[in-house]
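Peer 1: I'd like to go over a predicted model; first the sequence, then the structure.
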Amino acid sequence: MAAKTSQDEYEQVKQDLQQLRDDVAKLTRAVTESQKSNISHLRDEIRRESQEALDQVRQKGDAALNRARDAGDRAVNEVEHRIEERPFLSVVLMFLAGVLVGKLLDR
C-alpha cells in the first residue's frame, strides 16, 4: 500500500509539474502578445508624433522662407525706387563702385 501511495504521489507531482509547465508557457505567450501590442502601439504613436513634428517644422520653414522672400522683394523695390528718384547719382555711384572693385582686384 505504501508503494502504491508513493507511486500515486509521484504521478501527482508529475501532473503538477506538467500543469506548471503549461501555465508558464501560457503566461509567456500572454506576456509576449502583450509586449507586441505595446510595441506596436508605441511605434504608431512615435510615427504619428514624428509626422506632426515634421509638419510643424515644414510650416515654420515655409513661414521663414516667405518672410525672407518678402524682405528681399521690399529691398529690391526700395533700391528700384531710389534709382528712379536719382538716376544720374545712381549711375555715378555704380561707376565708382566698379572702379573701386577693379582697383581691389588689380592687387
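Peer 2: Good, I have the coordinates.
Peer 1: show me what contacts the residue nearest the centre of the chain?
Peer 2: Centroid-nearest residue in the chain, with CA atoms, centre = their mean: S50, separated by 4.4 Å. Residues near S50 by CB atoms under 8 Å, 6 or more residues apart in numbering: none. Where you see a C-beta, it was placed from the backbone N, CA and C, and this is true even at glycine.
Peer 1: If I look at it, what pLDDT would I see?
Peer 2: Listed pLDDT for S50 reads 92.
Peer 1: What segments of the chain are helices?
Peer 2: 2-85, 87-106 (DSSP state H).
Peer 1: Would you mind listing where this structure has pLDDT under the threshold?
Peer 2: 1-3 (pLDDT under 70).
Peer 1: try it again with 80
Peer 2: By pLDDT under 80, the weakly predicted segments of the chain are 1-4, 107.
Peer 1: Quick one: end-to-end distance for stretch 81-92.
Peer 2: 16 Å (CA to CA, to the nearest Å).
Peer 1: R82 and L89, how far apart?
Peer 2: The gap separating R82 from L89 is 9 Å, by CB to CB, to the nearest Å.
Peer 1: ignore the last one, G102
Peer 2: Distance from G102 to L89, by CB to CB: 20 Å.
Peer 1: swap in A97?
Peer 2: 12 Å.
Peer 1: same check, this time on R107
Peer 2: Taken as CB to CB, the span from R107 to L89 is 28 Å.
Peer 1: hey, C-alpha coordinates of stretch 22-39 in CSV?
Peer 2: Listed next in CSV are the C-alpha coordinates belonging to stretch 22-39 (Å, rounded to 0.1, in the frame of the first residue of the first chain):
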residue,chain,number,x,y,z
ASP,A,22,1.7,24.6,-19.3
ASP,A,23,0.9,27.5,-17.1
VAL,A,24,4.3,29.1,-17.6
ALA,A,25,4.1,28.6,-21.3
LYS,A,26,0.6,30.3,-21.4
LEU,A,27,1.9,33.1,-19.2
THR,A,28,4.9,33.5,-21.5
ARG,A,29,2.7,33.7,-24.6
ALA,A,30,0.4,36.2,-22.9
VAL,A,31,3.3,38.4,-21.9
THR,A,32,4.8,38.2,-25.4
GLU,A,33,1.5,39.1,-27.0
SER,A,34,1.0,42.0,-24.6
GLN,A,35,4.5,43.3,-25.3
LYS,A,36,4.0,43.0,-29.1
SER,A,37,0.8,45.0,-28.7
ASN,A,38,2.6,47.7,-26.6
ILE,A,39,5.4,47.9,-29.1
